[in-house]
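J.: Sequence plus the predicted model coming up.
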Amino acid sequence: MGRYIVSRLAQLVIVFFGVTLLIYAAVWALPGDPIRALAGDRPLSESVINALRDEHNLDDPLLVQYLKYMGGLLSGDFGTDFSGRPVWDQMAQRWPVTMRLALTAWVIEAIVGIVLGLIAALRRGRWPDHTILLFSIAVISIPIFVLAYTAQLVLGVNAGIFPVSGISDGWPRSYILPALILAAFGTAQVGRLVRASVLENLRADYVRAAVAKGLSRRRVVSVHVLRNSLIAAVTFLGIELGFLLGGTIVIEGVFNVPGVGQLLFRSLQTQEGAVVVGVATALVLIFLLANLVVDLLYGVLDPRIRHD
Amino acid sequence: MSASRFGFRRRRGNRGASSPRLTSRPGSRVLLAGVVGALLIVSGCGSDDGGDSGESGSEGDGAAENTGGTFSVGTDEPDHLTPHRMTGAFNEVDALFSGLVEFGDGTEPKNLHAESIESDDNIVWTITLKDGWTWHNGEPVVAEDYVDAWNATAYGPNGWANNAQLSNIEGYDELNPQDGEPEQDTLSGLEVIDDRQFQVTLKSADSQFPYKLKLPGFYALPAVAFEDPDAFDEAPIGNGPFRMDGTWEHDVQISMVRYEDYRGPQPNADGVIFKIYSDQETAYTDAVAGQVDIVSVPQTRFQQVEQDFGDRFISFQAVRLDWVGFPLWDERFQDKRLRQAISMAIDRDEINEAIFAGIYEPATSLHGANVGGGGTEGLCGEYCEFNPERANELLAESGWTDSTLELWYPGGVGYDQTFEAIANQVRQNLDAIDEVQLQTQPGFPAFIEALEEHSATGMFRGGWGSLYPTMQNQLTEVWSSMGSGRAGAGSYENPDVDALIQQADAASTLDEANELYKQAEALIMDDFPGVPLFYATYNFAHSENVSNVIVGFDEIELTDVVVNS
């Protein structure tokens, strides 16, 4: 088990260098000079352009730029954006916001998804099952920004139940609406997954044995069926956490939540290499760590799965 | 069904893409504009009382000068709050700082911190400051604060964005050498006479210099700003009507309260909060819900803004032109009849109605009426009128043989709809043209590079917003061979135009200067290097919480805004 974790972490290091180089090269390859475009139609003077290009090492070849960046990174310097703000400051300010949003959505997905899936399976073919199916299909098929704008208009502008945008009301008030929208798609997915595997497990031999043994239905469902049905959901939720963290761009835009999604989007448009690499690399690492945790969780849920 | 859904998704995606930072970086404040000064005139009487009466406490019962309350303004995340470094935060900077002059909604500079700005020859200018003005930390604002700030801005290695605005001051070139580090760090053309007076020597005569003093590069900075410019940028100490309340909360808000010792017109309100939005459409929605008081209206909301805000929508014609430019370095585009044909194949009214809800004004020259000297409307003559028949004749005469044209523009930053429409009209109305290929560039940097390196192979999107309301700015920067933005004109040049502009710059009266600028523009329109499209506008909407919202060349007149009780 210990060796397994160490080797997985070692892989992370390799991936880290590979990914940073790849992203750096990708930003570098974008056409046009980001400094020249800083002020749009109204060009900056040559001397200012030179000063800024120099400050951000933009005149060096790609590899030199990358090595300078990595050198800074290893000594804890994440670089600055073109207006001179340290990237680390921006990430330190925005990551907690995105984390809060994504985790809120994730918890909603996990709890609501599993409960709905369970209900649908146990009431198979009756109205609760049909209702949940209908809900899932609706949510999965409507694009997320339509949901977002609609919810914002109906619940925010018209009804005034939630703030329309921003995070000035703090957690949870400001986060509930965006988190609900963010979680909608995943909740439906989790529900479908749990429903399918609960149905499958309900017909399994060990369930029949447990019932024959005289265990209460409640105990059969909650201990035997549910636990065995969670593997698929846990896999999904593990990967989903990565998606949620990286997938908040639309939601952060619509609800004006100052998280990393906004930052990444904006930085890509303005070709702020240092910011893009910093944020994207963190996203990749989180994604990989979440995967590792999922793999380890398998062993807990199903002792037959071992990591030797 | 799925196809239509996908189409919808794509459109929305583009809207997201027109989000603030990008549009704002390329000077979008100037970009987001619309028409009709009429609405303005209705609310055009601000309280311009002198500033001596601002001693009343923050209770706000000080009658007309101080109606109290705090209002909010939706904005993008600024790049900087120091005037000399910022490229998009005009409202924030004008809240914190007061320059030598201001415009309001007129086209003449009015002295703000300057008591007088005088010159006999348009070369040596003597600027006298009003007495008694202080920085927010209590120190007096002296002539040296202007000189130091201009020196710092003009010093190339500092990399301050508004450096180029000072380029006509004597000694600028020494501070911005082609290669290597400059040997000096002060402009030889600046001289402090005493605490309230300094002298500026220009490289060449400039009759418009008093107008230019509104440019953010010409503001003053307190001594403390130079100790640690980056720390200063987080909570600037200014000389304006509002002072910082705490520091800049990045991506959240910037909070300001009235500066009691301000010597200009005291603000009506006790405070202003700039709420930062990553997406101006969200800011707009928030304004509909009454969560933010004043927002700039994004182009995507033009069609609904009248319905949402009624007479609380304010549109002000800026000195901004949108045009279609041509790669004049390409011999295929040499014949001006080709360019005129394309101009006459564009139905500006239809595009204005369909996309801008009639808020812009179709251009008939390079300058609309709202500029010093009254503008040049109509100079383009029949060539800016929609006339497909004549357009086809001209195209035939021009000797253009290809059946396709190209149209280059930066994608995803708000131009897509307009330039798709233009491409369609040109294709439909010119019989010999079967196709107009859209050469959508991935963002602004790539687009600008294509123009500067002359790699664009077809007509392209052009736009310029002047930061001060005289014809000099656009004519010099875009249409002269001295211009920094001439890439947007396809590197057009005409020595006669240059000469006329220089004569205007040296003119002894403003009337004479304007007359010469008009002659220069007439020459340009005769050469027809670009197709004028629209005079654009600044567009703002406000909630019912505030009144007396006036928009002018300095954008929102923050000191005039009254918070309704």
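T.: Structure's in. What do you need?

J.: quick one, helices of the stretch 351-500 of chain B?
T.: Secondary structure of the stretch 351-500 of chain B (DSSP state H, counting those that start in this stretch): helices located at B:388-398, B:416-429, B:444-452, B:471-479, B:495-506.

J.: Provide the contact partners of the last one at residue level.
T.: This points to helix B:495-506. B:122, B:204-208, B:472, B:475-476, B:479-482, B:512-517, B:519-520, B:523-524, B:527 (C-beta atoms under 8 Å, 6 or more residues apart in numbering or on different chains). C-betas here are computed from N, CA, C, even on glycine.

J.: The third one now?
T.: With C-beta under 8 Å, 6+ apart as the contact definition, helix B:444-452 has outside contacts at A:30-34, A:36-37, A:40, A:271, B:22, B:25-26, B:325, B:408-410, B:413, B:441, B:455-456, B:460-461, B:487-488, B:490.

J.: Weed out the non-buried ones from the contacts of helix B:495-506.
T.: Buried members of the contacts of helix B:495-506, scored by 16 or more other C-beta atoms under 10 Å in any protein chain shown, are B:122, B:205-208, B:472, B:475-476, B:479-480, B:513-517, B:519-520, B:523-524, B:527.

J.: The helices of the stretch 351-500 of chain B: which one's closest to residue B:348?
T.: Nearest of the helices of the stretch 351-500 of chain B to residue B:348, taken as C-beta to C-beta: helix B:416-429 at 9.4 Å.

J.: Run through the neighbouring helices and strands of that closest one.
T.: helix B:348-356, helix B:388-398, strand B:404-410, strand B:435-441 (3 or more C-beta pairs under 8 Å, 6 or more residues apart in numbering or on different chains; DSSP states H and E).

J.: Among the ones you listed, which comes closest to chain A?
T.: strand B:435-441 (7.6 Å; C-beta to the nearest C-beta).

J.: so that closest one versus helix B:444-452, what angle?
T.: Relative orientation of strand B:435-441 versus helix B:444-452 (axes from the mean of the first three to the mean of the last three C-alpha atoms, to 10 degrees): 120 degrees.

J.: Buried residues, strand B:435-441. List them.
T.: Buried, per 16+ other C-beta under 10 Å, within strand B:435-441: B:436, B:438-441.

J.: Same question for stretch A:236-248.
T.: In stretch A:236-248, counting by 16+ other C-beta under 10 Å, buried: A:236-238, A:240-248.

J.: need the contact list for residue B:318.
T.: So residue B:318 contacts B:30, B:33, B:370, B:465-466, B:535-538, B:553 (C-beta under 8 Å, 6+ apart).

J.: now do residue B:355
T.: B:299, B:302, B:417-418, B:421.

J.: got a winner among those residues for most neighbours?
T.: When the contacts of residue B:355 are compared by neighbour count (other C-beta atoms under 10 Å in any protein chain shown), residue B:299 ends up highest, at 26 neighbours.

J.: my read: that one touches residue B:416, true?
T.: No: checked against C-beta atoms under 8 Å, the pair residue B:299 and residue B:416 is beyond contact range at 10.7 Å.

J.: what helices or strands is whichever helix in chain A runs longest leaning on?
T.: Counting by DSSP state H, the longest helix found in chain A is helix A:87-122. Packed against helix A:87-122 by the contact rule (3+ C-beta pairs under 8 Å, 6+ apart) you find helix A:127-141, helix A:173-202, helix A:226-246, helix A:249-254, helix A:260-269, helix A:273-301.
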